[in-house]
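Q: Show me how the following folds:
(one chain, ligands or ions: 1)
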Amino acid sequence: MTTIVGFSGSLRTESLNTKLLEAAASLMPDDVTFELVTIRGIPLYDGDVEEKEGSPEAVRSLKGRLAAADGLLIASPEYNHSIPGVVKNAIDWLSRPPKEIPRVFGRLPVAVIGATPGRGGTALAQAAWLPVLHALGTRAFSGRAMQVSGAGALFDTTGLKDEETRKRLATFVTEFITFARENRRHE
Ligand code: FNR
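A: Sure thing, here's the model as predicted:
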């Protein structure tokens, strides 16, 4: 069994990125366990809090899930041509203390997907993710990109309704799962 953890970089109820992630979850093969987790509840990183109390519970529980995972799928919006602060903040907490990075992120296969109502498909955010994934020691999936432009018209309240995007996403999911299995860090 392969376990993939996924989280959305948007906290919005009607988030296009959360809907994209949910669509990806629905396309996972039967022998994959997909765990949809949330970064909601992770406070702003504060070195004083870390020193006095260690990582908050929301961070510790997410770290446990990532340490046991075979892959991580992040659906990241693009804010001001980069990574939204809310998700970067979560990553920063998850990367602490530095001695824990190998256990949580080290050699972990990671893919980033994204949706925007705009034209750029979140390409600039995905580019901004690369040095972060590198710093964490992950195995960044560099297969085909999953970038969704004009997403406002492709989703409704029930989720992804555009067939062409679903097909593209299905191919992406298949290729990422293959990559995660080929680069599995757990025996
Ligand atoms: C945006 N948005 C945006 N879109 C984009 O394609 N490139 C960008 O640089 C930005 N910048 C940006 C900054 C801020 C602060 C916000 C709030 C929004 C629009 C963004 O793609 C849109 O709000 C998406 O719907 C956000 O993703 P979710 O919440 O739908 O998943």
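Q: What residues are bridge-paired with the residue positioned nearest the centre of the chain?
A: Computing the C-alpha centroid of the chain and ranking residues by CA atoms, centre = their mean puts residue 74 first, at 1.2 Å. Taking DSSP bridges as the rule, residue 74 bridges to residue 7, residue 112.
Q: these two touch, right, it and residue 110?
A: Yes - if you go by CB atoms under 8 Å, residue 74 and residue 110 touch, sitting 6.9 Å apart. (Each C-beta comes from the backbone N, C-alpha and C, glycine too.)
Q: Which helix or strand contains the residue of the chain positioned farthest from its centre?
A: Taking CA atoms, centre = their mean as the measure, the residue most remote from the mean C-alpha position of the chain is residue 52, 29.0 Å away. Assigned by DSSP states H and E, residue 52 belongs to helix 47-53.
Q: Could you point out the helix or strand that follows that helix?
A: Criterion used, DSSP H and E; the element after helix 47-53 is helix 57-68.
Q: From the rest of the structure, what touches that following helix?
A: Residues outside helix 57-68 that contact it (CB atoms under 8 Å, 6 or more residues apart in numbering): 3, 5, 7, 35, 37, 39-43, 54-55, 72, 90, 93-94, 96, 100, 103-105, 108, 186.
Q: which among those residues end up buried?
A: Buried members of those, counted by 16 or more other CB atoms under 10 Å: 5, 7, 37, 39, 42, 55, 72, 90, 93-94, 96, 100, 104-105, 108.
Q: Let's see the pLDDT reported for residue 143.
A: pLDDT recorded at residue 143 is 89.
Q: Now do the SS call for it.
A: Put simply, residue 143 is coil when judged by DSSP: H, G, I helix; E, B strand; the rest coil.
Q: contacting residues for it?
A: Contact analysis of residue 143 by CB under 8 Å, 6+ apart lists 111, 172, 175-176, 179.
Q: one more time with 6 Å, if that's ok
A: By CB atoms under 6 Å, 6 or more residues apart in numbering, residue 143 lies in contact with residue 175.
Q: Spell out which residues of this protein are next to the ligand.
A: 10, 12, 15-17, 77-81, 116-118, 120 (CB under 6 Å from any ligand atom).
Q: Tell me which of these fall in helices.
A: 16-17 (DSSP state H).
Q: among the residues of the chain next to the ligand, who's most crowded?
A: residue 17 (26 neighbours; other CB atoms under 10 Å).
Q: ok, now which ones touch that one?
A: Residue 17 makes contact with 8, 10, 75, 77, 115, according to CB under 6 Å, 6+ apart.
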